Every structure is written in structure tokens, then in C-alpha cells.
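Novice: Any chance you can model this:
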Amino acid sequence: MYRKATMALAVAAALGLSRAATAQTQDELKALREQVRQLDRRVTDAEQAAIQASSRPASESAMNPAVSVILNGIYSNLSQDPNGFRINGFTPTLGEVGPGVRGLSLGESELAFAANIDHHFRGTLIASISPEDSIGVEEGYIQTLSLSYGFTVKAGRFFSGIGYQNQIHAHAWDFTDAPLANKVFLGNQLNEDGIQLKWVAPTSFYWDVGVEAGRGRQFPAGPAGGRNKNGVSSGNVFTHLGGDLGTGVAWQTGVSYLSTSPQDRTFDDPDSTGTTVTNSFSGRSRLWVLDGILKWAPNYNPTYTNFKLQGEYFRRKENGDLTFNAVGDPAAVAPTQSGGFTSAQSGFYLQGVYQFVPMWRAGYRYDRLNAGTTSNGLVDSGALTAADFPILAKYNPTRQTVMVDWSPSEFSRVRLQFAQDKSRSDVTDKQVFLQYIVSLGAHGAHKF
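Specialist: Residues are numbered from 1 along each chain as shown. Model (predicted):
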């Protein structure tokens, strides 16, 4: 563009000089010089306009990110006090695993920003807004766009690729809350600070392999917020296979392995006198997850009748040291003591959701946990009794859940859910939830 402007100026000057050579009077020469000056001014103005145009993006909104808001409101009717919620047989997690508060409440809402940074990276920030008006970063990461051979790298804070349910945002769940297994083994939902390398194979069926390295900022690692150390505190490897069976049937299955090294992972538990003390666990935690999902949509049209079957099996082994009364509460039945601790525990859930007519779905989920076998050196040696660790008393929690929801569009959903929750060994909590979920703004597609 600058070259064209320069050429125009040269042509104008040459034309002026040519005419000047044939001018007969001083007046004609003066007029020609004025024409050259005017042409020079016009070219300069055009050149400046070209420079300004080239410095602006093609569109004034080209660099604006996609913005979306998810609003989530819940009415909860709980037969048991949610302040006393516990999942007996399993050490309490560092996450929010309870059923929430009674009555009306604004559930956890979501504010999301996402955009391509350039042709190499994409950025995503998803903030969660709690009913208590606190704001936290649910996910915040960059992801590569231009790596070859099916590789992508994700760095920042993100939902771990362990299992299936853990990778899905709460507003896209088929039930109001997470399965019991996700609560006791992943603290409800594991989002890690770290880096993920993932490879998608160039095959006719879907196959991915991934590895993650993180700082262990939350359960099952510990303490809360992550250890004060350089390097990696948790690692996860996973792989998934999937494909199309024809006649509208699609499937996916996967296996994951999460390894962490908790250091002073604390939990509160009343001792034999009823005094609440803080205990802690340090050692090694290994978790295996097997997941599977089957979807059926006749004529490949999920808008109408469709069915989804989903399930996951968890198995965890932990070994290390358990410290009783870790903070030295003088009101406890005994001073601070430590002993060996091992456990092998498991759990699963299986759920099915059927869309029987457009906009209406019904679903059922069954949860079961197995407290398995545990060995507590402090109890085995006689230093303390099992009554000093009531949360670890052997018990196999179960829960049955049914729901029906109505989705008048892809941007709104209203759900009614009823559950019989036997997480506590002494009572059954009958839970009723009435929930709405609405989406404002552009929102990306959900996971398969």
C-alpha cells in the first residue's frame, strides 16, 4: 500500500514537471506547482489512512472472548440435618461433599471466559461463585492448538482426566449431585494445578492416552492447598477408547490411575469421650478407576428419544501413618500418638437416563461403597480403641436416586430429584431437590 502511494506521488510529480516544461507564462507554472502540492497532500492523507487501517484488527470484536454465565438455583428438603452429614467407613475429604443447606438457596454458579489467544494457544477461565458469595477459580488454563500428530498440552488449573464424571462441569451432570464414589475418593471433584499431555491416535475409532503432573492441591492429596515442596505431588495416567456400533449406538470406556503422597492430610473426628480432635494421615494413596458409557439415539438424532447408560468403579489403596490428635488438643482422651495405617476400599455407581419424549428425561442411579479392610496400628496395639476413630467403623454406604427433568431449550433445565441416602450408618436421609439451571451467553460443547 505504501508502494502504491509512493508511485502515485512520483507520477504526479513527473506530470507536473512535464507540463512545466511546456508552460508559456509564470502564471501557468505557478498553477502547475499548486496542483503538485495538492496531489502530494492527497497521497499523504491516503497513506496515513492505510497505516491506521492496517493497525486495526479485521473486526473490532475479533479479540473479545466468549462469555457465558450458568445460574443454578436449588430448593432442598432434607430429613436429616446436613450439618451432621458423614460418609461412615471413609476418612472425611477436604471437599464439599454434603447435600448443601436446607430450603431455598442459590447453588454454585459459573462465569466462563474462553478465546483463542493466537494460532498456537487457547485460554479458558471458569470462576465458580458459591452461595456464600465467595469466588474461586474452578478452571484456568491455556491449551495448545498447533501441535502435530494428535498431541495437546494443557497447563494451569483444570479438572483431572481421571474417570468420566470428574471431567464434566456440575451444570452438565445428569443428577443434582455427584455419586458417592466421587465424593469419598475425589473429594467430590478433582481439579488440579499442573500440566496435562494428551495424545489422540489417528485411528478410525476414538483412542486417547494422557498423563498429568500436579502439585496435589486438594484431596486425596494433602494438606489443603498443596504441599510446600518443589516438584510434583500427584500424578495421573489415563486412556479412553470409543466408537460407533451403528444404528445410533456409541460407546466409550476408559481406565485411570492416580497416585498421590499425602503429607498431614487432616480430618476431624470425635474421640471416645465425644471431644472432636484433628487427626492426620501421611503416606501414599493409589486410586484406580474404570469407567464406561453407552449412548443410544435412533437415527442419530439425540433431540428426540435417546438413552444413556453410565458407570464407574473405584478402588483405592492407602498405606502410611495415622496421627491421632495431631494438633495436641488437651481435652482429648490421649495425647498425640502415631501408628501405621493401611486400607483397601472400593465403590461404584451405575446410572441410566432415558429421554422418552422431546424435552423430558427420567433417570435412576445406584451408589454403593465398600469400606473394605483397614488396619489401624494405634487400635491394634491397644494404645487407643476403635471408639476413638468412629468415622473409620466398618460400614458400606448406599444411595438410590431418581430424577425427572424438563429442558425447554438447550439453555435451560428444571429438575426434580429424590434420593434415599444411607451414607450415615444410623439414619437414612430422605432428600428432595428442585433445581433450575440456565445458561446465558455462548457456551462450549460438553464432553461426549
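Novice: what residue ranges in the stretch 201-350 of the chain are flagged as low confidence?
Specialist: Within the stretch 201-350 of the chain, the segments meeting pLDDT under 70 span 300-303.
Novice: and with 90 instead?
Specialist: In the predicted model of the stretch 201-350 of the chain, residues 222-231, 245-248, 297-305 satisfy pLDDT under 90.
Novice: roughly how far apart are the residue lying closest to residue 249 once chain neighbours are set aside and residue 226?
Specialist: Computed as Cβ to Cβ, 6 or more residues apart in numbering, the closest residue to residue 249 that is not its neighbour in sequence is residue 296, at 5.2 Å. (C-beta placed from N, C-alpha, C; glycine too.) Distance, residue 296 to residue 226, by Cβ to Cβ, to the nearest Å: 42 Å.
Novice: where exactly do the helices run in the chain?
Specialist: Using DSSP state H, the helices of the chain run over residues 2-21, 26-55, 180-186, 377-380.
Novice: Summarise which helices and strands the shortest one is packed against.
Specialist: With contacts defined as 3 or more Cβ pairs under 8 Å, 6 or more residues apart in numbering; DSSP states H and E, helix 377-380 has these neighbours: strand 306-324, strand 337-357.
Novice: circling back: what are the bridge partners for the residue nearest to residue 249, then?
Specialist: residue 249, residue 307 (DSSP bridges).
Novice: List the contacts of it.
Specialist: Taking Cβ atoms under 8 Å, 6 or more residues apart in numbering, we find residue 296 in contact with 248, 249, 306, 307, 308.
Novice: one more time with 6 Å
Specialist: 248, 249, 307 (Cβ atoms under 6 Å, 6 or more residues apart in numbering).
Novice: and the second one, how many neighbours?
Specialist: This means residue 249. For residue 249, the neighbour count with other Cβ atoms under 10 Å is 15.
Novice: can you give me the strands in the stretch 151-300 of the chain?
Specialist: For the stretch 151-300 of the chain, the strands defined by DSSP state E, counting those that start in this stretch occupy 151-159, 191-200, 206-214, 234-246, 249-260, 265-270, 276-296.
Novice: Quick one: those strands as TSV, columns for distance to residue 83 too.
Specialist: TSV is the format used below for these (distance: least, Cβ to Cβ, whole Å):
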stretch	distance to residue 83
strand 151-159	28
strand 191-200	25
strand 206-214	31
strand 234-246	30
strand 249-260	29
strand 265-270	13
strand 276-296	13
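Novice: Minimum distance to residue 425: which of those strands has it?
Specialist: strand 265-270 (14.1 Å; Cβ to Cβ).
Novice: buried residues in that closest one?
Specialist: Neighbour counts using 16 or more other Cβ atoms under 10 Å place 265, 266, 267, 269, 270 of strand 265-270 among the buried residues.
Novice: and what of stretch 71-83?
Specialist: Buried-residue list, stretch 71-83, by 16+ other Cβ under 10 Å: 71, 72, 73, 74, 76, 78, 80.
Novice: Can I get it in PDB? Just the C-alpha atoms.
Specialist: Presented in PDB, the C-alpha positions along stretch 71-83 are these (Å, rounded to 0.1, in the frame of the first residue of the first chain):
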ATOM      1  CA  LEU A  71     -27.100 -19.800  37.100                       C
ATOM      2  CA  ASN A  72     -28.000 -22.700  39.400                       C
ATOM      3  CA  GLY A  73     -30.800 -22.500  42.000                       C
ATOM      4  CA  ILE A  74     -31.900 -25.300  44.400                       C
ATOM      5  CA  TYR A  75     -34.700 -26.000  46.900                       C
ATOM      6  CA  SER A  76     -33.600 -28.700  49.300                       C
ATOM      7  CA  ASN A  77     -35.800 -30.700  51.600                       C
ATOM      8  CA  LEU A  78     -33.600 -33.000  53.800                       C
ATOM      9  CA  SER A  79     -35.000 -35.200  56.500                       C
ATOM     10  CA  GLN A  80     -31.600 -35.200  58.400                       C
ATOM     11  CA  ASP A  81     -29.600 -32.200  59.500                       C
ATOM     12  CA  PRO A  82     -27.000 -31.500  56.700                       C
ATOM     13  CA  ASN A  83     -24.500 -30.200  59.400                       C
END
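Novice: Please state the offset of that stretch from the chain centre?
Specialist: Centroid separation for stretch 71-83 versus its chain: 23 Å, with Cα atoms, centre = their mean, to the nearest Å.
Novice: quick one: average confidence on it?
Specialist: Mean pLDDT, computed over stretch 71-83, is 96.
Novice: And stretch 178-190, by the same measure?
Specialist: If you average the pLDDT over stretch 178-190, you get 96.
Novice: Stretch 354-373 too?
Specialist: 96.
Novice: State the distance from the closest residue to residue 247 other than its chain neighbours to residue 110.
Specialist: The shortest distance from residue 247 to any non-neighbouring residue, by Cβ to Cβ, 6+ apart, is to residue 298 (7.7 Å). Applying Cβ to Cβ, the value for residue 298 to residue 110 is 32 Å.
Novice: quick one: which of these two has more around it?
Specialist: Comparing residue 298 with residue 110 by other Cβ under 10 Å, the one with more neighbours is residue 110, at 21 against 13.
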